[in-house]
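[1] Following is a predicted model, sequence given first.
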Amino acid sequence: MRQGTKQLPHNRPSWAARLTAPLALLAGLATVPAIGQTQAPAQPQAPAPTSAQVSTPAATPVVTTAYGPVQGLMKNGVNEFLGIPYAAPPVGPLRWMPPQVPASWTQTKQTTAFGNTCGQLDRGIFAAPSNHEDCLYLNVYTPKAGDAGKRAVMVWFYGGGLFSGESNDYDGWKLANRGSVVVVTLNYRVGALGFFSHPAINAEGHPYANYGIMDQQFALKWVKQNIAGFGGDPNNVTIFGQSGGGTAVMANLISPTAAGLFQKAINESGTHIEVYDPKQALRNAEDLAKAAGCADQSAACLRALPVAQVLKYQQVIVKDVVNDFPQIDGTVITHNAFDGFSHGQFNHVPILTGLVADEQSFFMPEIRTHKPLTAAGYAQYAASFGAQHADKLKAQYPLASYASPTLAEIAMAEGFKACTARQLDRAWTRYVPVYAYQFSDRTAPSYYPPLSYPMRAYHTAELEYLFPLFHGSRGTPHPLNAAQTQLSDRLVDYWTNFAKTGNPNEPKRTPFQWLRYAPAKDDVFDLNLGKDKVMARYGEAYDCKLWDQVVNRS
């Protein structure tokens, strides 16, 4: 019998997720209104000041970009340039169009405040709502001390399931300062404004559907063109992201239009690879148009809709976007993700990838309902993987072995997610170096109010170890203690070493050797308090012999 110490993943396979779409959304704190229900998005709240931002800032040197000069602020050894426009505002006729170059300027632009958050609804404490479409801005953090040289560049894609998120929740100070790299964070279109496939718009002759991914690639082109002025090496770029940002990393790995735009990739808690059905996407967009008042299904009517009106009815889009990989559109995404990874049809770069040990803690419905999961709810989760698998899953993770149905579901879901991650590891490692990890610090501070179950190493838990005081936009920030700070230092060292060289090891700072993933050994690097170690035979630990039958992608 198992003890209640195993953990689980965050998203289900698309076929299973559709069966439990309301639960998946609610568990992710997505308070998206149903069709006909109104909700007025508020202005985003300013992030709480971090421990890295306590000194009085001074002006940075002026940096000249291709579009005009910018000046930011110096804070504790780092130059911060916030709110730099990397594309024209996607408003009016540019809504649901590929990103366009921004207007140029001649006078020095003071880039000292974050740009607008892209249009999105309330998602609990994780991301702030916004009515803005003028949101394609990025932020650059670069060390000001020492020789600038050509530093490695790390470009961050935020999480939020591709329907929420904002760059200003992620303080790049520690990565830039301790790791001596240039960090870029950016906003990209999400939800129905970022992932929308409608017949009238698709027929216009431009790339369509995956506008949020196009934004990311446009920002990467901006980096290639401009980052040398900030001390970065345009030919040494690492993309990294968590959750929905991990999905974005994988989308760019598989995308032919991203070729050459980055040299390494870090995937944190990203396992969404089920393809968004193009026919279903078209039906969803037509349903949105009809509900929002565009019975004629015309592009002109759709682009004239107020942002709030699009967001009000976007549930018909979000229900599938959050459960599936970006749609195959023929240009940005041209084939099934897992098939591409398995057959080497992706951008071949070194990959650092992993999960946290208790992913599903973040997605339990109690976070929204304030009611613990019942045995019936646990059985419903098991059934979401298919009636033919439910009994054997419940036998593998029996309720009697866990202190609560919540912990049983967390264990079951971690098996699914860990084995999905393992399938990806085994596919990638045939073609590129892969460094696999599990983040296992179950003492990680939680920015949520207390719950009936321990959050432990929950989905997003590692973020505050990379980005100081990350707290999900509107949660409660908590500083790390001394032991957690040491783990944070090691994570920053591993991540930035990988960005510099494609290998997370550096003898002076990372004495424990993190070896490349090898399917025959199936070992994963375990990141925890104290000394790092190897988690041996990962597939056995997470019942992958069973899960590979339940989710068969061969």
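    Here it is on my side, so go on. It should be emphasised that the depicted structure is a prediction, and the values quoted were computed from it without experimental measurement.
[2] C-alpha from now on. contacts and neighbour counts both.
    Fine.
[3] Surely residue 194 touches residue 216?
    No - using Cα atoms under 8 Å, residue 194 makes no contact with residue 216, being 11.0 Å away.
[4] Could you please give me the overlap between the contact lists of the two?
    Here residue 194 and residue 216 have residue 188 as joint contacts, going by Cα atoms under 8 Å, 6 or more residues apart in numbering.
[5] element containing residue 106?
    In this assignment (DSSP states H and E), residue 106 forms part of neither any helix nor any strand.
[6] my bad, should have said residue 546
    Residue 546 belongs to helix 544-550, assigned by DSSP H and E.
[7] Pull the number of nearby residues for residue 519.
    17 (other Cα atoms under 10 Å).
[8] On the pLDDT front, check it for me.
    The model reports residue 519 with a pLDDT of 98.
[9] residues contacting it?
    Residue 519 touches residue 426, counting by Cα under 8 Å, 6+ apart.
[10] Pop out the phi and psi values for it.
    phi -50, psi -40 (degrees, to the nearest 10).
[11] Give the closest residue to residue 398 in space, chain neighbours not counted.
    Excluding its sequence neighbours, the residue lying closest to residue 398 (Cα to Cα, 6 or more residues apart in numbering) is residue 408, at 7.3 Å.
[12] circling back: does anything pack onto the helix holding residue 546? Which helices or strands?
    helix 405-428 (3 or more Cα pairs under 8 Å, 6 or more residues apart in numbering; DSSP states H and E).
[13] which other helices and strands contact the helix it packs on?
    Against helix 405-428 (3+ Cα pairs under 8 Å, 6+ apart) you get helix 337-342, strand 351-356, helix 375-383, strand 434-439, helix 544-550.
[14] Switch these over to CSV; also include distance to residue 184.
    Output for the helices and strands packed on helix 405-428, formatted as CSV (distance: least, Cα to Cα, whole Å):
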stretch, distance to residue 184
helix 337-342, 26
strand 351-356, 18
helix 375-383, 38
strand 434-439, 23
helix 544-550, 36
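[15] Show me the shaky parts of the stretch 101-250 of the chain.
    145-148 (pLDDT under 70).
[16] Revised request: answer the last question for the stretch 301-450 of the chain.
    For the stretch 301-450 of the chain (pLDDT under 70), the answer is 319-323.
[17] dump the residue contacts of residue 159.
    Residue 159 neighbours (Cα under 8 Å, 6+ apart): 165, 241-246.
[18] In strands only, show me these.
    241-242 (DSSP state E).
[19] What ranges does the stretch 151-300 of the chain have for its helices?
    173-179, 191-194, 199-202, 211-226, 244-254, 278-292, 299-304 (DSSP state H, counting those that start in this stretch).
[20] Take those and lay them out in JSON lines including mean neighbour count and distance to residue 338.
    JSON lines is the format used below for the helices of the stretch 151-300 of the chain (neighbours: other Cα atoms under 10 Å; distance: least, Cα to Cα, whole Å):
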{"stretch": "helix 173-179", "mean neighbour count": "24", "distance to residue 338": "31"}
{"stretch": "helix 191-194", "mean neighbour count": "26", "distance to residue 338": "23"}
{"stretch": "helix 199-202", "mean neighbour count": "17", "distance to residue 338": "25"}
{"stretch": "helix 211-226", "mean neighbour count": "23", "distance to residue 338": "18"}
{"stretch": "helix 244-254", "mean neighbour count": "26", "distance to residue 338": "9"}
{"stretch": "helix 278-292", "mean neighbour count": "19", "distance to residue 338": "17"}
{"stretch": "helix 299-304", "mean neighbour count": "18", "distance to residue 338": "33"}
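[21] among those helices, which is nearest residue 414?
    Among the helices of the stretch 151-300 of the chain, helix 244-254 comes nearest to residue 414, with 16.9 Å by Cα to Cα.
[22] What distance do you get for residue 467 to residue 416?
    Note on residue 467: its distance to residue 416, by Cα to Cα, to the nearest Å, is 28 Å.
[23] and if you look at residue 378?
    15 Å.
[24] Show me which of those two is the more surrounded one.
    residue 416 (27 against 20).
[25] Report how many residues lie close to the closest residue in space to the more buried one that isn't next to it in sequence.
    Spatially, and ignoring its direct neighbours in sequence, residue 416 is nearest to residue 547 (6.1 Å; Cα to Cα, 6+ apart). Residue 547 is flanked by 20 other residues according to other Cα under 10 Å.
[26] now do the one 5 residues further on
    For residue 552, the number of neighbouring residues by other Cα under 10 Å comes to 9.
[27] Kindly report the same for residue 401.
    16.
[28] Please apply the same query to residue 94.
    Other residues close to residue 94 by other Cα under 10 Å number 13.
[29] likewise the one 5 residues further on?
    Burial of residue 99, expressed as a neighbour count using other Cα under 10 Å, amounts to 22.
[30] swap in residue 415?
    Residue 415 has 25 nearby residues by other Cα under 10 Å.
[31] what about it, distance to residue 336?
    Residue 415 is 23 Å from residue 336, by Cα to Cα.
[32] same check, this time on residue 546
    24 Å.
[33] Quick check: buried residues in stretch 389-405?
    389-390, 393-394, 397-399, 401-402, 404-405 (16 or more other Cα atoms under 10 Å).
[34] and which of those residues is nearest to residue 273?
    residue 389 (20.8 Å).
[35] who does the host helix or strand of that closest one touch, helix- and strand-wise?
    Residue 389 belongs to helix 387-396 when assigned by DSSP H and E. The helices and strands touching helix 387-396, judged by 3+ Cα pairs under 8 Å, 6+ apart, are helix 375-383.
[36] Output the helix it packs on in CSV with nothing but the alpha carbons.
    Output of helix 375-383 as CSV, limited to C-alpha atoms (Å, rounded to 0.1, in the frame of the first residue of the first chain):
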residue,chain,number,x,y,z
ALA,A,375,-14.4,10.6,-2.1
ALA,A,376,-16.9,11.1,-4.9
GLY,A,377,-14.8,13.9,-6.2
TYR,A,378,-11.8,11.7,-6.1
ALA,A,379,-13.6,8.9,-8.0
GLN,A,380,-14.7,11.5,-10.6
TYR,A,381,-11.1,12.5,-11.2
ALA,A,382,-10.1,8.8,-11.7
ALA,A,383,-12.9,8.4,-14.2
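[37] which residues are contacting that helix?
    Taking Cα under 8 Å, 6+ apart as the rule, helix 375-383 contacts 20, 389-391, 393-394, 399, 405-406, 408-409, 412.
[38] quick revisit: taking the buried residues of stretch 389-405 together, which two end up most distant?
    Farthest pair in these, by Cα to Cα: 389 and 404, 21.5 Å.
[39] Out of the helices of the stretch 151-300 of the chain, which is closest to residue 318?
    Residue 318 lies closest, by Cα to Cα, to one member of the helices of the stretch 151-300 of the chain: helix 191-194, at 5.9 Å.
[40] ok, and what's touching the closest one?
    Under Cα under 8 Å, 6+ apart, the answer for helix 191-194 is 95-96, 119-120, 162-164, 188, 209-212, 310-311, 314, 317-318, 321.
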